[in-house]
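Peer 1: here is my input, please return the structure:
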Amino acid sequence: MNEGLAQYFETCRMKNGKLVVGTPDAHLLECAQALVQAKRMPAIAELLGMERGAFYGNPNVSYPASWALVHYLLHRDGASFKGGTFRRYLGDLKMDRDAVASFRKRFGRESAQWQTDFEKYVLGLKAE
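Peer 2: Numbering: from 1, shown residues only. Modelled structure (predicted):
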């Protein structure tokens, strides 16, 4: 989540005097879509539970996958961050709760369905 959030907010920019967040980075998006198309996108549970060494040891997969997951969780249903499930999930992580168990508790779907929805979402994104 840390690296995914960092990459998500790296794309912030000003437009007409307003801060714009969440615009897909073309390179990260291309990499994430290639992972999905090659059937190499890690499962959400795998990504959430990935050990530090494994994450940083495979940056060509872990960085675009973590960015895509954060983008998906923030934009998938149009809910605001302030009162949304993702915010509560981040609170769980802050309290050192298990990332995968908390994900299942907060988002309440079967992992296979989440993976399918996540991958469809990634393939449907467009860069500016």
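
Peer 1: the longest helix along the chain: which residues count as buried?
Peer 2: Using DSSP state H, we find that the single longest helix of the chain is helix 59-75. Using 16 or more other C-beta atoms under 10 Å as the test for burial, helix 59-75 gives 61-74. (Glycine included, C-beta is placed from N, CA and C.)

Peer 1: next: stretch 4-19.
Peer 2: Counting neighbours by 16+ other C-beta under 10 Å, stretch 4-19 gives 4, 7, 8, 11 as buried.

Peer 1: let's see the strand or helix carrying the first one as PDB, backbone CA atoms only.
Peer 2: In this case it means residue 4. Here residue 4 sits within helix 2-10, counting by DSSP states H and E. Listed next in PDB are the C-alpha coordinates belonging to helix 2-10 (Å, rounded to 0.1, in the frame of the first residue of the first chain):
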ATOM      1  CA  ASN A   2       2.800   2.400   0.800                       C
ATOM      2  CA  GLU A   3       4.400   2.300  -2.600                       C
ATOM      3  CA  GLY A   4       1.100   2.200  -4.400                       C
ATOM      4  CA  LEU A   5      -0.100   5.300  -2.600                       C
ATOM      5  CA  ALA A   6       3.200   7.100  -3.200                       C
ATOM      6  CA  GLN A   7       2.900   6.400  -6.900                       C
ATOM      7  CA  TYR A   8      -0.700   7.400  -7.000                       C
ATOM      8  CA  PHE A   9       0.000  10.800  -5.500                       C
ATOM      9  CA  GLU A  10       3.100  11.400  -7.600                       C
END
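
Peer 1: could you point out which element follows that helix?
Peer 2: strand 13-15.

Peer 1: pull the distance from whatever helix or strand comes next after that next one to the chain's centre.
Peer 2: For strand 13-15, the following helix or strand on the C-terminal side (DSSP H and E) is strand 18-20. Strand 18-20 sits 21 Å away from the centroid of its parent chain (C-alpha atoms, centre = their mean, to the nearest Å).
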